[in-house]
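Asks: Here's my sequence, what's the structure:
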Amino acid sequence: MSISSDTYDVIVVGGGPAGTSAAIHLAVQGARVLLAEQKKFPRPKLCGEFISPECLDHFQRLGVIDSMIEAGGARLSETVFYARRGASVNVPSAWFGTQQTVALGLSRAEMDERLLRRASAAGVRVLEDARATSLLMEGDVVRGVRLKVDGVEVREYGARVTLDATGRARTLARCVESHGRATQKRAPLVAFKTHLEAARGNPLHCEIYFYRGGYGGLSSVEGGLSNLCFIVQAQDVRARGGDADRVLRELVMTNARASYTLLEARPVTEWLGVALESFGRHEVVPSKGLLAVGDAASFIDPFTGSGMLMALESGELAARSVARWLDGLGQKRESFDALCSDYRARYLNRFNARLRICALLRRAAFVPGLAEAAILACGASTHLRRRLARATRRPPLKSLSGRGSAET
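Replies: Numbering: from 1, shown residues only. Next up is the predicted model:
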């Protein structure tokens, strides 16, 4: 094992939207940032690939708005929710926009690649094919990570602050939890994703289908393809031998609208599958010196269409807390306790209410009868529909106080 002589202000592990958001915002404020990503980009990623209008405001601050628009993603004017028997209700994308009034359908391969290259241009040191193997600890304080780079050499990288942006895997947080002998429960849900050709969904809509034990989404992405992503009970997947095509036919397509839109559709990419343990919030400060962002902090229900937004928001919130702490560190007045308290307070204030609302909506989403009743009720009242939709968000973040945006 070799020890790197490099020590950073911040190490971010995970190159998705949460990690790159934090890294870019910190780098343009002068922090020395290392971003370590396990995969080599571009790469496919299991995701609904729905970028809500608010995300475009984040892209503006991150300096990637033109790049994202040029990627050729689909413009999505509304989301339509379909009950099993065909009843539907729509939520216009314009309800969420500030300057932007449409959502964007763009593959994670394209989006993540563009964010990662922007991070590099902003001064972030980017390591791809770099897998975190363990944390560097000093007592109960995280001081950096050990990374296996290019599948060969393990090196140690020190940092004042480390961010876990590893998504639902929560790789760094689990390193901390393992010291407490945390047990991993069997995941009750499984998610699948593929890109399709010849799907018959409305190209301007993101369509959400509810069925027994789960729900799925179909929306257009770049290249004239459609992204299909759906969640089902793990026991139903095991009963069908893990065959995604069979799960699609026998479960997802029991929804009348899904049966129509997917009847002639053909996968053009391999199925991706992942086990889902739970929704909701995890510990956002797993240890002193370690903050969690994105899905590593909270996994919000995909049917809300706000997962990408929450990733970008949490990355920016973490950057604000860390930047404030680094400024205080230079004045010899800030402790790790101050950093932990500041980020936790910002995070809870920003996300707790929407996570509670989503927990209530989730109960209906997984029960077809309740989902149908909710859709009928919302369809009868635009006011109710709009209030519920807005409850899954909060007013947009303003740019970093006194520091401007991440534009070059």
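
Asks: Checking the closest residue to F81 other than its chain neighbours next. Helix, strand or coil?
Replies: Spatially, and ignoring its direct neighbours in sequence, F81 is nearest to I208 (4.6 Å; C-beta to C-beta, 6 or more residues apart in numbering). Backbone N, C-alpha and C define where each C-beta goes, glycine included. At I208 the chain is in strand, as set by DSSP: H, G, I helix; E, B strand; the rest coil.

Asks: Look up the residues forming beta bridges with I208.
Replies: In this entry, I208 is beta-bridged to F81, G217, by DSSP bridges.

Asks: so it makes contact with G214?
Replies: No - using C-beta atoms under 8 Å as the test, I208 is too far from G214 to be in contact (11.2 Å).

Asks: In terms of neighbours, single out the busier of the two.
Replies: I208 (30 against 21; other C-beta atoms under 10 Å).

Asks: and that one, how far is that from I231?
Replies: Plainly put, I208 is 11 Å away from I231 if you go by C-beta to C-beta, to the nearest Å.

Asks: Same check on G214?
Replies: Taken as C-beta to C-beta, the span from G214 to I231 is 4 Å.

Asks: Which neighbours do those two have in common?
Replies: Counting by C-beta atoms under 8 Å, 6 or more residues apart in numbering, the shared contacts of G214 and I231 are L189.

Asks: Stretch 361-370: which residues count as buried?
Replies: L361, R362, A364, A365, F366, P368 (16 or more other C-beta atoms under 10 Å).

Asks: Give me the helices and strands touching the host helix or strand of the first one, please.
Replies: Counting by DSSP states H and E, the secondary-structure element that holds L361 is helix 336-365. In terms of contact count using 3 or more C-beta pairs under 8 Å, 6 or more residues apart in numbering; DSSP states H and E, helix 336-365 is assigned the packing partners strand 280-281, strand 290-292, helix 307-330, helix 368-379, helix 382-391.

Asks: rerun that using 7 Å as the cut-off
Replies: strand 280-281, helix 307-330, helix 368-379 (3 or more C-beta pairs under 7 Å, 6 or more residues apart in numbering; DSSP states H and E).

Asks: Return stretch 131-141 as CSV; C-alpha atoms alone will do.
Replies: Extracted as CSV, the C-alpha positions of stretch 131-141 are listed here (Å, rounded to 0.1, in the frame of the first residue of the first chain):
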residue,chain,number,x,y,z
ARG,A,131,-13.2,2.4,-5.5
ALA,A,132,-13.3,3.3,-1.9
THR,A,133,-12.1,0.4,0.2
SER,A,134,-12.2,1.9,3.7
LEU,A,135,-12.1,5.1,5.7
LEU,A,136,-9.1,6.8,7.3
MET,A,137,-10.0,7.3,10.9
GLU,A,138,-8.4,9.3,13.8
GLY,A,139,-10.4,8.2,16.8
ASP,A,140,-14.0,8.8,15.8
VAL,A,141,-13.1,11.4,13.2
